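K.L.:
From the sequence below, what's the structure:
(2 chains)
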Amino acid sequence: MPAFVFIPLAPAVGALVLFPLGRRLSRRSVSTLACGSVAASFVLSVAAALSGSGVRIHRLFTWIQAGGFRAEAAFRFDPLAAVMVLVVTGVGLLIHVYSAGYMSRERDFGRYFACLNLFMSAMLLLVLADNLVLMFVGWEGVGLCSYLLIGYWFEKPAAADAGKKAFLVNRIGDAGFLLGILVLWSAAGTVSFAGLSEAVASGALAPSAAAAAAVLLFIGATGKSAQIPLYVWLPDAMEGPTPVSALIHAATMVTAGVYMVARLNPLYAASSSASGIVMLVGALTAVYAGVLALVQNDIKRVLAYSTISQLGYMFLGCGAGAYAAGIFHLFTHAFFKSLLFLAAGSVIHALSGEQDLRKMGGLRKLLPRTYPAFLVGALAISGIPFLSGFFSKDAILLTAFAGGHVFAGILGLAGGGLTAFYMFRLVFLAFFGSRRFSAEVESRLHESPAVMTRPLLILAFCSIVAGYVGLPALFGERANLFFRFLAPVAGTPASGHAGPGAEAALLAASTISALAGLFLAYLFYVRNPALPGRVSARFPGFHHLLLRGFGVDALYETALLNPLLRGSKAVYRRFDLGVIDAAVNGAGGAAGLLGKALALLQTGWVKDYALAILLGAVAFLGVLLF
Amino acid sequence: MSPAAVVGLSLVLFVLGVIAFFVKRDLLTQFMAVEIMLNAANLAFLGLARGSARIDAQVIVFFVMTVAAAEAAVGLAIILHLYRRRKSIRTDELDKLRG
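P.N.:
Numbering: from 1, shown residues only, chains lettered A, B, ... in the order given. Prediction:
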């Protein structure tokens, strides 16, 4: 059995041990076991990635065989899966280590790490699955684990609600995913990735069916990867512990949708309408979430909206046909977003749980290790030149423009400016200016322990250098190692030939956009701190609308949730209480009445019983004789 | 005595037993009525055995007598115990098992 089969199994073993035994083991052994299982998985991933770049498929057994339907329990390891497992296990490992410090005072330590391990295992199963049905198992698994971990502090109603919301919103997307699988199976007769790309290539899969399936699967991706219209769960998911947010945003969960689209790239490439939808939703989400991030006051919610926005970029890339660019952004984003979340966690930790940006400020000097790490993350995500986010975002925009998708490309450029603005708004509010926290908080303020800051250091390093594996064509045709590595699976985008002039112009444009955002944030929050208040006072209605997230939550509540709840309540009252409960109670009551009637026969008089026997005997004789 | 006469006698005895059971209110007397019914049944067995010249009916009579003896012992013990507890064995006063 090849080693890569064990990649999802190692964390699964960790979860299996920790779920029943987590409470009995010491904290030290819990964290050692949890981190060790992920480390084993990481080592296996590295070994598998180094041992060759071809496509390897290992069939374990036939999982489902029903009529003509057949699904194998088979794993597939190819360059795309290699990139994903390395990101998931590498970033996941750092988050596990960080968690050991961050969660050290939690009561339910074992449950936390058990869920974390299960999360990793489900995501790795999703990545390594060789067919859509097995992928769906991992897909549902990460949904379940996100529910368990977002609602980790379930005593807090907000956390429990956020967990439920994440689960339910994901279920809506999952329904689309499932329908997509069914469409593909009924049209192509196979659910394996190799079989599907063959069906697309040979024309066995009708274009209309391919488009329908691609759109349905993308609905699943909008749920899991938090795109318009199903993004609403991700900002609320901030109720979970901060390392969980890092894990959800960087390694597991939200990247699943992008990965799925990239994995099924022959299907999406075959349907330009489906690709167009993917691209448009991605571009709109990138800007929309960026606008919402402008006014958030919770440090984690800013990051949540920024994730939604960055995921929009990835879908923009995939929709424009640059699957490798989308995955490249996923790859660099995993580093700087987990870095930002873990650094934010370190800030929250230092401020005794404070998450409100309005009560921070001046932390630059007080958190000497967290601040540079956060700054690197912010620079990288803003697309400042020569950090990783610059290269990956540029690769996406380049394909968009080269493919003629000017509208999406301009949205992407604008989103880059927004990103720089809201990220540096966060940096300036948290780390610069006056200290706005209480003296009590200040007295307990401390830099985080090494177990938390060392992962930050590693992630900061990766955030700086990760971009250099995918240099733009400007630096030579063969400079882009990443795209060449992925080429066997993701293909090469047609836009590699945009010409060095156009490419340089785009690099300059996106740099200007990012620097303009940064400068505006500097103007607003350092030079003239009264300016944001004046601007929001000028447009009070719009500011309020932004704070309420364009009222989308309220809209969903009135348009979908409340009618549904009212309907459920009516069904409960009419059918549950009126029919089912009434039938059960009626059966009981009828038996009681019958018993009472029959009890009248039991008089207690010996002679009555004797008479009954006599009459019975006479009746018996009568039957016998006549 | 012809078999028919024996069976007829047993029938008369049985009916007398039934009537006695329903007419009397004293548990001891009713018990004796039951005994009469049992013996009427025995007599019927004997009469029929005589008519068909088979031995099994006669064997059954012995079984019935054995069981009747045991039943009489248990029944009398119950009646005695009842009398000790309630100072009465009148069946129209006993309805403790009313449902």
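
K.L.:
low-scoring stretches of chain A, by residue?
P.N.:
A:476-477, A:491-498 (pLDDT under 70).

K.L.:
Relative to A:Gln227, how far out is the most centrally placed residue in it?
P.N.:
For chain A, A:Val254 is the residue whose C-alpha lies nearest the centre (Cα atoms, centre = their mean; 2.5 Å). Between A:Val254 and A:Gln227 the computed distance is 10 Å (Cβ to Cβ, to the nearest Å). Yep, even glycine has a C-beta here, placed from its N, CA and C like the rest.

K.L.:
Tell me the residues that contact both of the two, please.
P.N.:
Shared contacts of A:Val254 and A:Gln227, defined by Cβ atoms under 8 Å, 6 or more residues apart in numbering or on different chains, comprise A:Leu311.

K.L.:
who's in contact with the residue nearest to the centre of chain A?
P.N.:
A:Val254 neighbours (Cβ under 8 Å, 6+ apart): A:Lys224, A:Ser225, A:Ala226, A:Leu234, A:Ile248, A:Thr307, A:Leu311.

K.L.:
If we use 6 Å, what do you get?
P.N.:
A:Ser225, A:Ala226, A:Leu311 (Cβ atoms under 6 Å, 6 or more residues apart in numbering or on different chains).

K.L.:
how near is it to A:Phe113?
P.N.:
From A:Val254 to A:Phe113 the distance is 21 Å (Cβ to Cβ).

K.L.:
Is the residue of the stretch 351-500 of chain A found nearest chain B in a helix, a strand, or coil?
P.N.:
Nearest residue of the stretch 351-500 of chain A to chain B: A:Gly353, at 68.6 Å (Cβ to the nearest Cβ). Assigned with DSSP: H, G, I helix; E, B strand; the rest coil, A:Gly353 falls in the coil class.

K.L.:
Using the three-state scheme, assign residue 28.
P.N.:
Went with chain A since none was named. Classified using three-state DSSP, A:Arg28 is helix.

K.L.:
looking at chain B here, not the other one
P.N.:
Per three-state DSSP, B:Leu28 ends up helix.

K.L.:
Also A:Ala34?
P.N.:
Going by three-state DSSP: A:Ala34 is helix.

K.L.:
Please, which helix or strand holds the closest residue to it other than its chain neighbours?
P.N.:
Excluding its sequence neighbours, the residue lying closest to A:Ala34 (Cβ to Cβ, 6 or more residues apart in numbering or on different chains) is A:Phe113, at 3.8 Å. Under the criterion of DSSP states H and E, A:Phe113 resides in helix A:109-128.

K.L.:
go on, A:Arg70?
P.N.:
Counting by DSSP H and E, A:Arg70 is part of strand A:69-77.

K.L.:
which helices and strands sit right next to that strand?
P.N.:
Contact here means 3 or more Cβ pairs under 6 Å, 6 or more residues apart in numbering or on different chains; DSSP states H and E; on that basis strand A:69-77 packs against strand A:56-66.

K.L.:
end-to-end on stretch A:1-13?
P.N.:
Using Cα to Cα, to the nearest Å, the span of stretch A:1-13 from its first residue to its last is 18 Å.

K.L.:
who's in contact with it?
P.N.:
Under the contact criterion Cβ under 6 Å, 6+ apart, stretch A:1-13 has outside partners A:37-38, A:40-41, A:44-45, A:47-48, A:58, A:75, A:77, A:85, A:117, A:120-121, A:124-125.

K.L.:
ok, residues contacting the helix holding A:Phe113?
P.N.:
A:7-8, A:11-12, A:14-15, A:18-19, A:22-23, A:27, A:30, A:34, A:37-38, A:75, A:81, A:84-85, A:88, A:92, A:103, A:135, A:138-139, A:141-142, A:145, A:148-149, A:252, A:256.

K.L.:
still on that earlier bit, got a list of contacts for the strand holding A:Arg70?
P.N.:
A:4-5, A:48, A:56-64, A:128, A:130-131, A:133, A:191.
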